[in-house]
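Coordinates for the following, if possible.
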Amino acid sequence: QVQLVESGGGLVQPGGSLRLSCAASGTIFSINTMGWYRQAPGKQRELVAAITSGGSTNYADSVKGRFTIFRDNAKNTVYLQMNSLKPEDTAVYYCNVDSLTYYSSSYRKTGYYYWGQGTQVTVSS
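Presented below is the predicted three-dimensional model:
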């Protein structure tokens, strides 16, 4: 069974920094694209940043130059370094994997669209 476990959220003042982590657990062979989404109250979930298995990245315009996504393939973990945080960054942040390959009963299988449980980020003075 594959799960995504997030950590690192919290309360921070405007201009501060936080680092989110998301580790994929299970007997994983490879992971395709990993990403971070966020959802603020009353708003739709939106893509914040994504990174492919080859290291190519994509960012929402609102976070470019402030957030950095990176991954450690050996640990099946993706990170989101958030700097110069603003009150409008306040949201629940979700980790996402679009597809991965894992082992189950000695068979290699592919799974799609995994989500973490979400972690709250609050930017406020």
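
how about the longest strand seen in the chain: buried residues?
Secondary structure of the chain per DSSP state E: the longest strand is strand 91-104. Within strand 91-104, the residues that qualify as buried are 91, 92, 93, 94, 95, 96, 97, 100, 102, counting by 16 or more other C-beta atoms under 10 Å. C-betas here are computed from N, CA, C, even on glycine.

Which strand residues bridge the last one?
Counting by DSSP bridges, residue 102 forms beta bridges with residue 28, residue 109.

buried set for stretch 34-46?
For stretch 34-46, by 16+ other C-beta under 10 Å, it's 34, 35, 36, 37, 38.

For stretch 31-49, what is the distance to the chain centroid?
8 Å (C-alpha atoms, centre = their mean, to the nearest Å).

Pull the residues that contact it.
Stretch 31-49 is touched from outside by 20, 22, 24, 50-53, 57-60, 63, 67-69, 71, 73, 76, 78, 80, 88-101, 121, with contacts defined as C-beta atoms under 8 Å, 6 or more residues apart in numbering.

now swap in stretch 99-111 and tell me
Outside stretch 99-111, the residues touching it (C-beta under 8 Å, 6+ apart) are 2, 24, 26-33, 112-114.
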